[in-house]
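Chemist: Here is a sequence with its predicted model. Questions after.
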Amino acid sequence: MGLVVQKYGGSSVADAEGIKRVAKRIVEAKKNGHQVVVVVSAMGDTTDELIDLAEQVSPMPAGREFDMLLTAGERISMALLAMAIKNLGHEAQSFTGSQAGVITDSVHNKARIIDVTPGRIRVALDEGNIAIVAGFQGVSQDKKDITTLGRGGSDTTAVALAAALDAEVCEIYTDVDGVFTADPRVVKKAKKIDWISFEDMLELAASGSKVLLHRCVEYARRYNIPIHVRSSFSGLQGTWVSNEPTGDKVEQAIISGVAHDTSEAKITVVGVPDKPGEAAAIFRAVADAEINIDMIVQNVSAASTGLTDISFTLPKAEGRKAIDALEKAKGSIGFDSLRYDDQIGKISLVGAGMKTNPGVTADFFRALSDAGVNIELISTSEIRISVVTRADDVNEAVRAVHSAFGLDSDSDEAVVYGGTGR
């Protein structure tokens, strides 16, 4: 039996009973002959509570100290889980991200992994121990400061360790039974997907699916680490994410799923001179503020004025920073005004099969039309169609598109055990 990396989310270790349940599952894997490395998130809402506490003390906490605070949550989880495993008669050692050899850049609150040097983990495994690693954290390469990896950081920790240790699989345990054709909190008849390619999963993750985060899937694809997404609350098989189907041959579906995202906002730059270099100046100002943008649409310029409008979407949390950056650059760019709208939602249809199946686009827009949903922006790739609508229309739009492409299950299959879908 080979080495397995298991990751457990906050809802799986939310309380003492949850930790003991997870410990039994880990010991079972050990008894089956596997070497086991476990990555844990903070218990339940611990991270959110620490963030709230920091904001009560300081409206703008320093990045270094903020990271030092937030990493405490995972350290609590790893120690308690190691205790629970020892109580079951097996040896376990807990490690912080730094002790596990997770080396990152120096960007606090959203660091990226540069390297993983898991020497201490290998020693623990060679001695017959189960290794428990605190997720979401590492240590900066230059200053040796504690860093956090941002949203989905524990998933990324798990995949990075799986790659460094040459694991057979990275098992991501969450509070749903796998990856579904839509968010089970919105579409009760969503179907569980048995296998999905890295390519399709990357598009779903980038489009708002919260079961796996984009960075985690990207890392797994780069190092060809199969991911098995499953629930820690049931014994059911989950969803395999890999280059090739695992187990019985599974045919690639035309449509993999429908994702949605209501965490974005839209900025429209009004009255931009329609000449070379203007769009570059706008997006340089945004990039210099370290803001990632998603969809971009430029209108045809008015013949009488030679001016155009450029709209783009970005995370709501970055909205104020983007507005400030563009206002500072207004004199050099020469636009008229800015419009900000945070009451939008994005709906995306994803599937590698749409490349060779004509009519998918027409059916997608027909479903939205029949549901009375107005479209504001459109973006496409070879395997994805995304539209921006009013936030209030998102849930209805997702259900309409899901039904239109025959993705509905015959029964209410999707169960969210922990209440969050993550």
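Modeler: On my side now, so go ahead. Numbering: from 1, shown residues only.

Chemist: count of neighbours near the closest residue to residue 85 other than its chain neighbours?
Modeler: Once flanking residues are discounted, residue 85 sits nearest to residue 92: 3.9 Å by Cβ to Cβ, 6 or more residues apart in numbering. C-beta here means a position set from N, CA and C on the backbone, and glycine is covered the same way. Look at residue 92: counted by other Cβ atoms under 10 Å, it has 25 neighbours.

Chemist: who does residue 92 bridge with?
Modeler: The residues listed as beta-bridge partners of residue 92 by DSSP bridges are residue 130.

Chemist: Tell me how the protein divides into domains.
Modeler: Under the assignment automatic domain parsing, the domains of the chain span 3-174, 248-422.

Chemist: Hmm, the residue nearest to residue 85 is touching residue 127, no?
Modeler: No. Residue 92 is beyond contact range of residue 127, at 11.2 Å (criterion: Cβ atoms under 8 Å).

Chemist: rewinding a little: out of the domains of the chain, flag the one nearest residue 219.
Modeler: In terms of Cβ to Cβ, the element of the domains of the chain nearest to residue 219 is domain 3-174, at 4.6 Å.

Chemist: quick one, helices of the stretch 1-150 of the chain?
Modeler: Ranges of helices in the stretch 1-150 of the chain, per DSSP state H, counting those that start in this stretch, are 16-31, 46-57, 63-87, 119-126.

Chemist: So which bits of the first one are buried?
Modeler: Looking back up the chat, that one is helix 16-31. Buried residues in helix 16-31, counted by 16 or more other Cβ atoms under 10 Å: 18, 19, 20, 21, 22, 23, 25, 26, 27, 29, 30.

Chemist: JSON lines for the residues you listed, including pLDDT?
Modeler: Shown next, in JSON lines, are these (pLDDT from 0 to 100):
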{"residue": "18", "pLDDT": "94"}
{"residue": "19", "pLDDT": "97"}
{"residue": "20", "pLDDT": "97"}
{"residue": "21", "pLDDT": "95"}
{"residue": "22", "pLDDT": "96"}
{"residue": "23", "pLDDT": "97"}
{"residue": "25", "pLDDT": "96"}
{"residue": "26", "pLDDT": "97"}
{"residue": "27", "pLDDT": "97"}
{"residue": "29", "pLDDT": "96"}
{"residue": "30", "pLDDT": "97"}
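
Chemist: With respect to burial, which of the domains of the chain scores highest?
Modeler: Most buried of the domains of the chain, by mean neighbour count (mean count of other Cβ atoms under 10 Å): domain 3-174, with a mean of 20.

Chemist: So residue 236, which state does it fall into?
Modeler: Secondary structure, DSSP: H, G, I helix; E, B strand; the rest coil: residue 236 is coil.

Chemist: Just to check, it is in contact with residue 230?
Modeler: Yes. With contact defined as Cβ under 8 Å, residue 236 reaches residue 230; the gap is 6.9 Å.

Chemist: do you know how far the residue positioned nearest the centre of the chain is from residue 50?
Modeler: Closest to where the C-alpha atoms of the chain average out (Cα atoms, centre = their mean) is residue 213, at 1.9 Å. From residue 213 over to residue 50 the distance is 20 Å, taken as Cβ to Cβ, to the nearest Å.

Chemist: From the buried residues of helix 16-31, pick the one nearest residue 192.
Modeler: residue 25 (19.5 Å).

Chemist: Local confidence estimate at the closest residue to that closest one other than its chain neighbours?
Modeler: Setting aside the residues directly before and after it, residue 25 is nearest to residue 232 in space (Cβ to Cβ, 6+ apart), at 6.7 Å. We have a pLDDT of 87 for residue 232.

Chemist: Next: residue 409.
Modeler: Residue 409 is given a pLDDT of 89.

Chemist: cool, residue 378 as well?
Modeler: 93.

Chemist: Same question for the one 5 residues further on.
Modeler: Confidence per residue is given as pLDDT, and for residue 383 that number is 92.

Chemist: Next: the one 3 residues further on.
Modeler: At residue 386 the predicted local confidence, pLDDT, stands at 96.

Chemist: Tell me if it really is in a helix.
Modeler: No. Counting by three-state DSSP, residue 386 is not part of a helix but strand.

Chemist: show me what contacts it?
Modeler: 207, 295, 346, 347, 348, 349, 378, 379, 380 (Cβ atoms under 8 Å, 6 or more residues apart in numbering).
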